[in-house]
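# Below are the sequence and a predicted model; questions follow.
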Amino acid sequence: MFENLSGRLGDVLSKLKGRGALSEKDVDEAMREVRRALIEADVALPVARSFIDRVKERAVGQEVLKSVTPGQQVIKIVHDELVEMLGGAEADTSISLRAASPVVIMMVGLQGSGKTTSTAKIAKRLTAREKRRVMMASLDTRRPAAQEQLRILGEQVDVATLPIVAGQQPVQIAKRAVEAARLGGFDVLMLDTAGRIHIDEELMAEVAQVRDIASPHETLLVADSLTGQDAVNVAEQFNQRIGVTGIVLTRADGDGRGGAALSMRAVTGVPIKLLGTGEKMDALEDFTAQRIAGRILGMGDIVSLVEKAAETIDAEKAEKMAARLRKGQFDLDDLGEQLKQMSRMGGMKGLLGMLPGVGKAQMQAAQAHMGDGTIKRQVAIISSMTKEERENPKVLNASRKKRIAKGSGTEVQEINRLLKMHRQMADMMKAMGRQKGGLMSKLFGGGMPDMPPEMAADPKAVEKLMPQGLPRIGPGGLPGLPGSGFGGMPPGLPGLPSGKKKK
């Protein structure tokens, strides 16, 4: 969602970073470019003006102009002010459950914003993470099959739903849901209210009636980030009329400009609590101002990467693989598991967006070489092999490759590329197995060392965290990323081909 904004801000700030000294004129020119980038990203004009004024006030002070590294100081100031615009570093964006059971959470928003799917996602999260008994109820009697949709989603995520009674109106359903949740001993009741294609008096009156009946502890507004500035207007009106305690921003994985996310907190005073990042039921992220600001400025989000890995990695499988890697063993079964793991963690684009020092060009190159379609074909190739072939790729001769290509619907050239990637990764794994205190132990062991934002934005600073002997950041990119050379990604992040063709 923030790709365009991130690219524009990165270009502006990189010019400052390369200079030894900054004048007030340099800062003014840079801030004009930043302001233009924010407005093009659909950030509300008053919010953009306020942001620029605050940055400028700090950037032209003695702490920057007399600094040894003025460009880095400006980046830090921009980062800090972005964090404040998004709600502040200390803002509590968790869903509050501190109330008598059943805690009622009411979902509101316009039709098509993703309320029903978001309701199921949050219910699944509360069940899995918080260990709460959750019941969902659909109050949408207008949209065809809306109640049936929630029932089906409830079965998918293993969450109870209120039985459907034909002919009941939203207020009646809300009363019945509260009583059923209380009698059933549920900890949380989620009410999925009806929406409209636009805000009208009838919608607001209906939602207000449900609010008065159910007395929700949390009222979450679901807003579509692709609607841009209009999403901010919707949030403002719902907050004024109904009273909203938090915002769920959906389709954050789309190509929206990101201005809605940047404006909502400043305009409404209501925190963004969650980001919907896909259609799958686990595609939901906590919204943390510092992490989002880091992503916008290309500083990465290692914390979210580690959390996502912790949620999706099978601990038993990971331990078995770690034992194999320590012995220098890495066959095609292991590679297949890594490819599947990467898909579960959001694919190449999702992972690279969380790594510090990864530029837009590197991300596009990675997508070209290792898109979701490529990963699926590679998994299909491995699945079409026999157990012997997966354990010992050396037995793969021309006739076997033709058979595998036919079985997986691919070409022999793709099989050759996969085998080459496997050989490179196997060598990399052996090297990492001999390393003590390597990159993966820093990520999944003791954690990454604390880095100030201006350091995280500098690839050379991140490079110092890499274990000795691994490929370094430079023209060839981060280890394993496509560029002028191939490195090989650590476990959980498969290596990428360089994309070079033999002459």
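Looks like it arrived, so ask away.

# Now the residue nearest to G228 when sequence neighbours are not counted. Its backbone dihedrals?
Distances taken as Cβ to Cβ, 6 or more residues apart in numbering place D42 nearest to G228, at 4.2 Å, with adjacent residues excluded. (Glycine included, C-beta is placed from N, CA and C.) D42 adopts backbone torsions of phi 70, psi 20, taken as degrees, to the nearest 10.

# My guess is D42 contacts A261. True?
No. In this structure D42 lies outside contact range of A261 using Cβ atoms under 8 Å: 9.8 Å.

# Compare those two and say which one has the larger neighbour count.
Taking other Cβ atoms under 10 Å, D42 and A261 do not tie; A261 has more neighbours (29 against 23).

# That one belongs to a helix?
Yes. When DSSP: H, G, I helix; E, B strand; the rest coil is applied, A261 is found to be in a helix.

# residue ranges of the strands in the stretch 301-450 of the chain, please?
Taking DSSP state E, counting those that start in this stretch, the stretch 301-450 of the chain contains no strands at all.

# Poorly predicted segments of it, please.
301-319, 325-326, 328, 344-372, 432-450 (pLDDT under 70).

# can we see that at 90?
301-379, 390-394, 420-450 (pLDDT under 90).

# what about the helices in it?
With DSSP state H, counting those that start in this stretch, the ranges of helices along the stretch 301-450 of the chain come out as 302-312, 315-326, 332-344, 347-352, 360-369, 372-383, 387-391, 398-408, 412-433, 439-444.

# cool, the stretch 151-300 of the chain as well?
Under DSSP H, counting those that start in this stretch, the stretch 151-300 of the chain gives helices at 170-183, 201-214, 229-241, 259-268, 289-296.

# hey, which of those helices is tucked in deepest?
Each of those was scored by mean neighbour count; the highest is helix 259-268, a mean of 25, by mean count of other Cβ atoms under 10 Å.

# average model confidence for that helix?
When pLDDT is averaged over helix 259-268, the result is 81.

# Quick check: L110 vs P144, distance?
According to Cβ to Cβ, to the nearest Å, L110 stands 17 Å off from P144.

# the more surrounded of these two?
Neighbour count, other Cβ under 10 Å: between L110 and P144, L110 has more, with 22 against 8.

# residue contacts, the more buried one?
Going by Cβ atoms under 8 Å, 6 or more residues apart in numbering, L110 touches 195-199, 223-224, 234.

# now do 6 Å
Counting by Cβ atoms under 6 Å, 6 or more residues apart in numbering, L110 touches G195.

# And the residue nearest to G228, how close does it get to L9?
Taking Cβ to Cβ, one finds D42 at 15 Å from L9.

# Ok, Q341 next?
Separation of Q341 from L9 (Cβ to Cβ) stands at 31 Å.

# who wins for proximity to A59 among the helices of the stretch 151-300 of the chain?
helix 289-296 (16.4 Å; Cβ to Cβ).

# Counting neighbours, what do you get for I39?
The number of residues near I39, taken as other Cβ under 10 Å, comes to 15.

# need the contact list for it.
A48 are the contacts of I39 under Cβ under 6 Å, 6+ apart.

# Tell me the confidence at it?
Confidence at I39, expressed as pLDDT, is 85.

# what mean pLDDT would you report for stretch 10-29?
For stretch 10-29, the mean pLDDT works out to 73.

# Number the residues from 23 up from this point.
Renumbered: residue one is now 23, and that last one reads stretch 32-51.

# From K428, how far out is the residue lying farthest from the centre of the chain?
Relative to the mean C-alpha coordinate of the chain, counting by Cα atoms, centre = their mean, the farthest residue is S421 (42.8 Å). Using Cβ to Cβ, we find S421 at a distance of 11 Å from K428.

# Redo the helices of the stretch 173-322 of the chain as TSV? Include distance to I97.
Shown next, in TSV, are those (distance: least, Cβ to Cβ, whole Å):
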stretch	distance to I97
helix 192-205	49
helix 223-236	43
helix 251-263	27
helix 281-290	17
helix 311-318	11
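
# part of a strand, is S116?
No. Per three-state DSSP, S116 lies outside any strand segment and is coil.

# what about it, neighbour count?
S116: 13 neighbours (other Cβ under 10 Å).

# do you know how far it is from R57?
33 Å.

# my read is I127 is in a helix, agree?
No. Read with three-state DSSP, I127 is strand and lies in no helix.

# For it, give its distance to H101.
In terms of Cβ to Cβ, I127 sits 32 Å off from H101.

# So if I had to pick from the two, which one is more boxed in?
Taking neighbours as other Cβ under 10 Å, I127 and H101 compare with I127 leading, 27 against 22.

# Give the bridge partners for that one, please.
M212, E240 (DSSP bridges).

# you'd agree it is up against E240?
Yes. I127 lies in contact with E240 (Cβ atoms under 6 Å); the separation is 4.6 Å.

# what residues are shared contacts of these two?
If you check I127 and E240 against Cβ under 6 Å, 6+ apart, no residue is contacted by both.

# Now for G131, how many residues are close by?
By other Cβ under 10 Å, the residues close to G131 number 28.

# what's the spacing between the nearest residue to it once chain neighbours are set aside and S135?
Once flanking residues are discounted, G131 sits nearest to V244: 3.8 Å by Cβ to Cβ, 6+ apart. Distance, V244 to S135, by Cβ to Cβ: 5 Å.

# Look at G268 and report its pLDDT.
What the model reports as pLDDT for G268 is 93.

# didn't it look like it was pressed against L297?
No. With contact defined as Cβ under 6 Å, G268 does not reach L297; the gap is 12.0 Å.

# So which of the two has more stuff around it?
Neighbours were counted for G268 and for L297 using other Cβ under 10 Å; L297 has more, 22 against 19.

# Let me see the contact set for that one.
271, 274, 307, 309.

# Highest neighbour count among those residues?
Most neighbours among those, by other Cβ under 10 Å: L271, with 29 neighbours.

# who touches that one in this structure?
Neighbours of L271 in contact, by Cβ under 6 Å, 6+ apart: 245, 247, 283, 294, 297.

# From K342, how far out is it?
Distance from L271 to K342, counting by Cβ to Cβ: 38 Å.

# Please apply the same query to E152.
For E152 relative to K342 (Cβ to Cβ), the value is 30 Å.

# Repeat that for M128.
As judged by Cβ to Cβ, M128 and K342 stand 45 Å apart.

# Please say which of these two ends up with more neighbours.
Using other Cβ under 10 Å, the more surrounded residue of M128 and K342 is M128, with 26 against 13.

# Before we move on, what's the pLDDT of the residue nearest to that one when sequence neighbours are not counted?
Spatially, and ignoring its direct neighbours in sequence, M128 is nearest to P238 (3.9 Å; Cβ to Cβ, 6+ apart). P238 carries a pLDDT value of 96.

# same deal with I74?
pLDDT for I74: 90.

# Quick check: which element contains it?
Using DSSP states H and E, I74 falls within helix 67-81.

# Show me what that helix is packed against.
Applying 3 or more Cβ pairs under 6 Å, 6 or more residues apart in numbering; DSSP states H and E, one finds that helix 67-81 contacts helix 46-62, helix 92-107.

# just the angle between it and helix 92-107, please?
Taking axes from the mean of the first three to the mean of the last three Cα atoms, to 10 degrees, one finds helix 67-81 and helix 92-107 inclined to each other by 140 degrees.

# Tell me, how many residues neighbour the closest residue to R399 other than its chain neighbours?
Among residues not flanking R399 along the chain, T432 sits closest, at 5.4 Å (Cβ to Cβ, 6+ apart). Look at T432: counted by other Cβ under 10 Å, it has 18 neighbours.
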